[in-house]
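Participant: here is a sequence with its predicted model. Questions after.
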Amino acid sequence: MNKKVKEIAEIINGKVIGDGDIIITGISGIKEAKPGDLTFIANKKYKNLLYTTKASAIIVGPDINNNVNTTLIQVENPSIAFAKIMSLVGPEPITFPPGIHPTAIIGKNVIIGKDVSIQPYVVIEDYVKIGDGTVIGAGVYIGHYTEIGNNCLIYPKVIIRERIKIGNRVIIHPGTVIGGDGFGFATVKGVHHKIPQIGTVEIGNDVEIGSNVTIDRARFDKTYIGNGVKIDNLVQIAHNVYIGDNSIIVAQVGISGSTKIGKNVIVAGQAGIIGHITIGDNAIIGGKAGVTKNVPPNTHVTGFPAREKWEDMRFQAYMRKVPELIEKIKQLEEKIKKLENKD
Amino acid sequence: MNKKVKEIAEIINGKVIGDGDIIITGISGIKEAKPGDLTFIANKKYKNLLYTTKASAIIVGPDINNNVNTTLIQVENPSIAFAKIMSLVGPEPITFPPGIHPTAIIGKNVIIGKDVSIQPYVVIEDYVKIGDGTVIGAGVYIGHYTEIGNNCLIYPKVIIRERIKIGNRVIIHPGTVIGGDGFGFATVKGVHHKIPQIGTVEIGNDVEIGSNVTIDRARFDKTYIGNGVKIDNLVQIAHNVYIGDNSIIVAQVGISGSTKIGKNVIVAGQAGIIGHITIGDNAIIGGKAGVTKNVPPNTHVTGFPAREKWEDMRFQAYMRKVPELIEKIKQLEEKIKKLENKD
Amino acid sequence: MNKKVKEIAEIINGKVIGDGDIIITGISGIKEAKPGDLTFIANKKYKNLLYTTKASAIIVGPDINNNVNTTLIQVENPSIAFAKIMSLVGPEPITFPPGIHPTAIIGKNVIIGKDVSIQPYVVIEDYVKIGDGTVIGAGVYIGHYTEIGNNCLIYPKVIIRERIKIGNRVIIHPGTVIGGDGFGFATVKGVHHKIPQIGTVEIGNDVEIGSNVTIDRARFDKTYIGNGVKIDNLVQIAHNVYIGDNSIIVAQVGISGSTKIGKNVIVAGQAGIIGHITIGDNAIIGGKAGVTKNVPPNTHVTGFPAREKWEDMRFQAYMRKVPELIEKIKQLEEKIKKLENKD
């Protein structure tokens, strides 16, 4: 890259505060930046780095003004603005040109759209449908009757079993398994009999699913992932779970069977949610929380068992007072002894 | 489906309470059911839905009588009865006819039973033995000297390393790794030296293992999974773990090295068990529990550090009294001050 | 095996305490050992088994003397000594002779070193570099421009995406994904826009990575795994994480984005560490701990929220006193009532 700050500001529709003629030669994180670099700040945690970074210019949000020596580019959303510049200067993205590799094994009655790329050693079973512009990575397995929409990117070694429906512009990272049997048994005299899992999985548009995730097929009906949902790595989603539009599920979360997650919910890393409950729209589930009952909409819960965040914090504060209580009770006992002995 | 309630009752050996001539046209969960559907109730949580479901008939257990307007079919075990009907009306199950796909690579001295299906891009190393009627899914890897029993179903992309023994009727879901090296190092002056993991994994009959599970091979001797054990997705089983018959291990559980789990134990989701301890027969380990010491047989433990459930609940109840204690101590202090000032 | 104790002692540079002429015919764990077996003791937990084991000889550390009836071989480090004997008597290790399987698909401008083994159905994209003596297991995928060092062992179905750098003598177990996109979105009016992850992953020398692990590529710059780091199964390492040399990350741990782990750190199983913090050198993070702020060097933290171990233990001890406090307060109330009524 070799661009003036004011040229960059134009691309991202930003306002220059400082010297717009400085030449930018690279991009970087705010900590690692060196002279010539453009950086950005989105996480408040790094705000003090504004004053120490070696970057030559910083993309900032509307809340940061010119109290900084470094040249600023002020925009609405620094992350999105920076992402735009990143895609201009980053390494050329790897692309997979359309075409079906001769080693791909494709079943009967498979319908493949325009400009689809099917990479080596893919196995596609009978009656599968793949939409226009979709890339199926090396070694992917797609089961019978499954339908995948347009412009999806399915990374290598993803396994999608039979009768699954996947929307448009869905990204699935390597090693993820969609449509494994739900975990359901009926126990008779200590022996567990498998309950057939005859349902399916339906995934909306614009969903992104991380690596080595597991999303089980429903007992009947379907496990459902709404439009715009983003799922991180190593997440477990059990049978008949429903996840509303635009919810975010962070790494290593587990959601038990038949639980319904609302829209725009955030479930932070390693949280666990029991089965058969409802998490309301816009709720936030804290990291490592263990959710054992319904969470109302717009509610932030933390801890295990999870309660409202303010309640959990107050509870923790009370707990920290226990040593003091022990001390106080000792004092009271002594005072009372004195009073008793007086007589 | 188009069957009278009394015809269905006959199939599952049930007793009709209500109108046996009603026509059933589909099956469904009790919440989603519409007129014409058959449903069932196994989880008590849903009991009040008995009165609001739109289903035309409900399979129930012996504890529910005719206090309901909807027609009932009373059976011993509603889950198993419903499963039987499901397998009649569900979509035709996907099957893999016997035969070895020409792209499968099969080593020397491999013994393959009758009616075995070996799917595309399977790699089977030398001296492997595969029993009658077993299906090896696309892209599965089976290491040297490994033996797999009869009528197993190994889903795509499963990796089974060398010298593993797997029983009959075992189901392994996609992406699971059996027989990776145990995690063992000897540290000398801060540098970790690998300890060879020369043991193996032995898996009994009628075991089901979820997707993306990891079961490590033993340091020496073997990691053991008993008959009838059911393991959910993303579970970690370390080297030299022993799991007794018919135990259930729910998703994202981690069991550390050399720990012994008894028979008919239930380990709920995201629980963790440290190494070198024993969990007795019929024990229940609660979800997210962190087990740090032996658990006696027939014991239900919860929390972290895990203690007996009643103890944990009492402990939680005491904790909730702390705010009240703080208040009481304040009052006592005031009363004492009054008493002191009296004199 | 058929060797005298004194012959074995010579191999491992140990001192015989007892009868050096006893014949050893096998090796085993101390619990399972039978007459004729050699065993060892490294975990103090098993110390009392010294007196009950049926083994004919035991490898011990410098702290155990001849107070035992069984013949001992005293060495500096029993685990390493035993490992040496294990590799002599264990089953022949599985090896993969050099050569490129005809089914491997290898891109343009790929540089492959001497004595490399490339197994069936491997896919290697353009511009990849693979060092001497490295084994690439069946069905592995290696993305464009990725470089793998010498004498690495990449197990089947590992996925390594583009532009990754891996050092020498690195072992990666099956199903692991290196270089998946970091989990980064910029949210505008409830819709999550993907932030390009244009960075990479760099892995040092002598690293071992377990099965079904996920290590994400950086937003920019790199996610870094230092020399000698050992990572267990099902671990999640987010974008831009830095792990210092010789640290140990146990199974199912999650490390959030941009967190920096020092050297020789131990993170025990199922622990979670939030993003953007620093864990100092030689720190220990307890199993299931939830780390929410920086941890200084040489510090042992446990619990959730994690605090120093002694503090956490004291806190737990205080908590256990709460029932007693309730009792005491009751007594004080009664005493005060008496005092009040006296007047």
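Facilitator: Thanks, I have it. Being a predicted model, the structure only gives us computed values, none of them experimental.
Participant: could you chop chain A up by domain?
Facilitator: In terms of domains, chain A is parsed into A:3-89, A:311-342 (source: automatic domain parsing).
Participant: and these, which is most packed in?
Facilitator: Neighbour counts (mean count of other C-beta atoms under 10 Å in any protein chain shown) averaged over each of these peak at domain A:3-89, with a mean of 18. (C-beta placed from N, C-alpha, C; glycine too.)
Participant: so which of the domains of chain A gets nearest chain C?
Facilitator: Comparing those by their distance to chain C (C-beta to the nearest C-beta), the top pick is domain A:3-89, with 3.6 Å.
Participant: how much space between A:Ile284 and C:Lys293?
Facilitator: Going from A:Ile284 to C:Lys293 by C-beta to C-beta, to the nearest Å gives 20 Å.
Participant: need the domains of chain A in CSV with mean pLDDT and distance to chain C, can you?
Facilitator: Output for these, formatted as CSV (pLDDT from 0 to 100; distance: least, C-beta to the nearest C-beta, whole Å):
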stretch, mean pLDDT, distance to chain C
domain A:3-89, 89, 4
domain A:311-342, 86, 5
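Participant: B:Ala9 is nearest to which of the ones you listed?
Facilitator: The stretch from those with the least distance to B:Ala9 (C-beta to C-beta) is domain A:311-342; that distance is 49.7 Å.
Participant: next to chain B in this structure, residues from the stretch 151-300 of chain A, please.
Facilitator: Selection of the stretch 151-300 of chain A residues close to chain B by C-beta under 8 Å from any C-beta of the partner chain yields A:157, A:159, A:161-163, A:175, A:177, A:180-181, A:183-186, A:188, A:190-196, A:198, A:212, A:214, A:216, A:219-221, A:234, A:236, A:238, A:240, A:252, A:254, A:256, A:270, A:272, A:274, A:276, A:290.
Participant: among these, name the buried ones.
Facilitator: Neighbour counting by 16 or more other C-beta atoms under 10 Å in any protein chain shown classes A:157, A:159, A:161-163, A:175, A:177, A:180-181, A:183-186, A:192, A:195-196, A:198, A:212, A:214, A:216, A:219-221, A:234, A:236, A:238, A:240, A:252, A:254, A:256, A:270, A:272, A:274, A:290 among those as buried.
Participant: keep only those of these that are in helices.
Facilitator: Cross-referencing those against helices under DSSP state H gives no overlap.
Participant: so A:Met319: helix, strand or coil?
Facilitator: The local conformation at A:Met319, judged by DSSP: H, G, I helix; E, B strand; the rest coil, is helix.
Participant: what about stretch A:254-261, near chain C?
Facilitator: No: interface with chain C: stretch A:254-261 contributes nothing (C-beta under 8 Å from any C-beta), its closest point being 10.9 Å away.
Participant: stretch A:207-227 now?
Facilitator: Yes: part of stretch A:207-227 sits close enough to chain C to count as contact by C-beta under 8 Å from any C-beta, namely A:208, A:210-212.
Participant: most surrounded residue in those residues?
Facilitator: Within the residues of stretch A:207-227 next to chain C, neighbour counts (other C-beta atoms under 10 Å in any protein chain shown) peak at A:Ser211, which reaches 32 neighbours.
Participant: doesn't A:Asn233 make contact with it?
Facilitator: Yes: the pair A:Ser211 and A:Asn233 qualifies as a contact (C-beta atoms under 8 Å) at a distance of 4.7 Å.
Participant: which neighbours do the two share?
Facilitator: Listed contacts common to A:Ser211 and A:Asn233 are A:173, C:177, C:180, C:214, C:216; contacts here mean C-beta atoms under 8 Å, 6 or more residues apart in numbering or on different chains.
Participant: and the pLDDT for the first one?
Facilitator: What it means is A:His173. Listed pLDDT for A:His173 reads 98.
Participant: go on, the fourth one?
Facilitator: Predicted confidence (pLDDT) for C:Thr214: 98.
Participant: distance-wise, check it relative to C:Arg161.
Facilitator: 11 Å.
Participant: before we move on, what about the second one?
Facilitator: Here the distance between C:Val177 and C:Arg161 works out to 8 Å (C-beta to C-beta).
Participant: which neighbours do these two share?
Facilitator: Counting by C-beta under 8 Å, 6+ apart, the contacts common to C:Val177 and C:Arg161 are A:Pro174.
Participant: restrict stretch A:4-13 to CA atoms and write it as PDB.
Facilitator: Presented in PDB, the C-alpha positions along stretch A:4-13 are these (Å, rounded to 0.1, in the frame of the first residue of the first chain):
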ATOM      1  CA  LYS A   4      -2.300   9.300   1.600                       C
ATOM      2  CA  VAL A   5      -4.500   9.400   4.700                       C
ATOM      3  CA  LYS A   6      -7.000  11.600   2.900                       C
ATOM      4  CA  GLU A   7      -7.300   9.000   0.100                       C
ATOM      5  CA  ILE A   8      -8.000   6.300   2.600                       C
ATOM      6  CA  ALA A   9     -10.500   8.500   4.400                       C
ATOM      7  CA  GLU A  10     -12.300   8.900   1.100                       C
ATOM      8  CA  ILE A  11     -12.600   5.200   0.600                       C
ATOM      9  CA  ILE A  12     -14.200   4.700   4.000                       C
ATOM     10  CA  ASN A  13     -16.200   7.900   4.000                       C
END
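Participant: that stretch: how far from the chain's middle?
Facilitator: Between the centre of stretch A:4-13 and the centre of its chain there are 30 Å (C-alpha atoms, centre = their mean, to the nearest Å).
Participant: helix/strand/coil for A:Ala42?
Facilitator: Classification of A:Ala42 using three-state DSSP returns coil.
Participant: would you confirm that it contacts A:Pro78?
Facilitator: Yes: in this structure A:Ala42 lies within contact range of A:Pro78 using C-beta under 8 Å: 4.9 Å.
Participant: for these two, list the residues in contact with both.
Facilitator: The contact lists of A:Ala42 and A:Pro78 share A:Gly61, where a contact means C-beta under 8 Å, 6+ apart.
Participant: residues touching A:Leu339, list them.
Facilitator: By C-beta under 8 Å, 6+ apart, the contact list for A:Leu339 reads B:336, B:339-340, C:339.
Participant: what's the spacing between A:Ile142 and chain C?
Facilitator: 16 Å (C-beta to the nearest C-beta, to the nearest Å).
Participant: let me know whether that residue touches A:Arg163 as I believe.
Facilitator: No: with contact defined as C-beta under 8 Å, A:Ile142 and A:Arg163 do not form a contacting pair (11.0 Å).
Participant: name the nearest of the residues of stretch A:207-227 next to chain C relative to chain C.
Facilitator: Ranking the residues of stretch A:207-227 next to chain C by separation from chain C, with C-beta to the nearest C-beta as the measure, puts A:Ser211 on top at 4.0 Å.
Participant: OK, contacts around A:Val322?
Facilitator: B:322, C:318-319, C:321-322, C:325.
Participant: report the angle between the helix or strand harbouring A:Leu332 and helix C:322-342.
Facilitator: Following DSSP states H and E, the helix or strand that holds A:Leu332 is helix A:322-342. Interaxial angle of helix A:322-342 relative to helix C:322-342 (axes from the mean of the first three to the mean of the last three C-alpha atoms, to 10 degrees): 30 degrees.
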